[in-house]
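Undergrad: Build the 3D model from these lines:
(one chain, ligands or ions: 2)
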Amino acid sequence: MDHILVTGGAGFIGSNFVHHVVANTDLRVTVLDKLTYAASRESLDGLPADRVSLVVGDIVDAPLMERLAGEHDAIVHFAAESHNDNSLHDPSPFVQTNVVGTFSVLEAVRKAGIRLHHISTDEVYGDLELDDPERFSERTPYNPSSPYSSTKAGSDLLVRAWVRSFGVQATISNCSNNYGPWQHIEKFIPRQITNVIDGGRPKLYGAGQNVRDWIHADDHSSAVLAVLREGAIGETYLIGADGERNNLEVVQQILRHFGRPADDFDHVTDRPGHDLRYAIDSTKLRTELGWSPRFTDFEQGLADTIEWYRAHEDWWRPHKQAVESAYAAKGQ
Ligand code: NAD
Ligand code: TDX
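TA: Ligands and ions are numbered 1, 2, ... in the order given. As a prediction, this is how the structure comes out:
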């Protein structure tokens, strides 16, 4: 494997992955990205031009996908509409990109006969009770809740069918909630960090008891690289770093970092159908591929992320007002 195509590589996790690949391998990378509102070209700044190039285009565009598949050894497929709240407002682009787009990627891979790694989410498994001793594993039945997670579940099932029916050489990974640099400020952690930088208050949906299993985007990247290189074709690997925290704990840690009082936040209208808890058992990935996370101290990783947003105000500032107006219109 020499030259890989990374769809969605100008988004949050995709760009972290491209940086990880450049720093840790000799691979050359082409990023294919539609540059939606969620993308940023700046996230690819500073990468060597002889190793990384950007093609602006849509994964739904079948001729484009076929041409690019023919020019690469493998595709790592991150491109998606990724925000649950947006999917409740307008599911249409989620069906287009996540389902039809993945179909287009699969057909291109099938025709070119190249390797595919499909990126997915733990949300395909639905949610867990707070006191459930079990966590999600590769054997957990699919039970998605939102338009976002159901389109991701649909894309996973397409990949499985293309492996079984057409012999496509694909793997799948389902990861828990990522944090780190370059995450769009519509998402929970960067929204709260930038609210506090602005002198405002974090906004907690409902009581703040919902639990997410946080992993640093660089650890997600190292896991994806491990599966791309050593994963068994047709297999699914769950990626997680044992980072369960409820939303209230995360908000209070952000407030503490800035020296603000622990109760200096607002409870706002809850998300309809809000999943209660996600938690990943990543035993298969750790035992079969020898992977382990590097960012095992969530408190330190969050502190570093806060400092990154402080240092990159030029990047997020132009979007802040529009993001907050859209939330305010929904009472959030
Ligand atoms: P993101 O929204 O930050 O980035 C998505 C990228 O895909 C953007 O650059 C966007 O321009 C691009 N894109 C969207 N539609 C496209 C299209 N039709 N053609 C080409 N490019 C298109 O998302 P993210 O948080 O980086 O998530 C990346 C992937 O990881 C997604 O598949 C998501 O489901 C998955 N995932 C995310 C998380 C998380 O916590 N963010 C956790 C597990 C899995
Ligand atoms: O302002 C907020 N207040 C709040 O309490 C926002 C934006 C969110 N929340 C809550 C909702 C969730 O319980 O925080 C938690 C995290 O919310 P998001 O950042 O929107 O993430 P989530 O819905 O958990 O989905 C994320 O993880 C799985 C990614 O966006 C998905 O792409 C990924 O698949």
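Undergrad: Endpoint to endpoint, stretch 3-11 covers what distance?
TA: 20 Å (Cα to Cα, to the nearest Å).
Undergrad: what does it contact?
TA: 14-15, 17-18, 21, 27-33, 35, 38-41, 43-44, 54, 59, 68-69, 71-80, 82, 105, 119, 184, 228 (Cβ atoms under 8 Å, 6 or more residues apart in numbering). Where C-beta positions appear, they are placed from N, C-alpha and C, glycine not excepted.
Undergrad: In PyMOL, how would I select just the buried ones from those residues?
TA: Buried residues within these, by 16 or more other Cβ atoms under 10 Å, are selected in PyMOL with:
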select buried, resi 14+15+17+18+21+27+28+29+30+31+32+33+38+39+40+43+44+54+59+68+69+72+74+75+76+77+78+79+80+82+105+119+184+228
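Undergrad: Which ones among the contacts of stretch 3-11 map onto strands?
TA: Within these, residues falling in strands by DSSP state E are 28, 29, 30, 31, 32, 33, 54, 74, 75, 76, 77, 119.
Undergrad: and ligand 1, which of those contact it?
TA: 32, 33, 119 (Cβ under 6 Å from any ligand atom).
Undergrad: Turn those into TSV, including pLDDT.
TA: TSV is the format used below for those (pLDDT from 0 to 100):
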residue	pLDDT
32	99
33	99
119	99
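Undergrad: The closest residue to residue 216 other than its chain neighbours: what's it in contact with?
TA: Closest residue to residue 216 apart from its sequence neighbours, by Cβ to Cβ, 6 or more residues apart in numbering: residue 295 at 3.6 Å. Applying Cβ under 8 Å, 6+ apart to residue 295 gives the contacts 215, 216, 218, 219, 241, 301.
Undergrad: list the buried ones in the helix or strand in which residue 304 is found?
TA: Here residue 304, judged by DSSP states H and E, is contained in helix 298-311. The neighbour-count check on helix 298-311 (16+ other Cβ under 10 Å) flags 298, 301, 302, 305, 306, 308, 309 as buried.
Undergrad: Mind putting the ones next to ligand 1 among the ones in strands among the contacts of stretch 3-11 into JSON lines with distance to residue 267?
TA: Compiled in JSON lines, those are given as follows (distance: Cβ to Cβ, whole Å):
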{"residue": "32", "distance to residue 267": "41"}
{"residue": "33", "distance to residue 267": "36"}
{"residue": "119", "distance to residue 267": "33"}
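Undergrad: Let me know the closest of those to residue 168.
TA: Distance to residue 168 across these (Cβ to Cβ) is lowest for residue 119, with 15.7 Å.
Undergrad: what's the closest non-adjacent residue to the closest one?
TA: Residue 119 sits nearest to residue 78 (Cβ to Cβ, 6+ apart), 4.8 Å away.
Undergrad: what helix or strand is residue 160 on?
TA: helix 147-166.
Undergrad: is that helix anywhere near ligand 2?
TA: No - contact of helix 147-166 with ligand 2 (Cβ under 6 Å from any ligand atom) is absent, the minimum separation being 6.6 Å.
Undergrad: picking up where we left off before, so what pLDDT did the residue nearest to residue 216 get?
TA: Listed pLDDT for residue 295 reads 97.
Undergrad: Any part of the helix holding residue 304 near ligand 1?
TA: No - contact of helix 298-311 with ligand 1 (Cβ under 6 Å from any ligand atom) is absent, the minimum separation being 12.9 Å.
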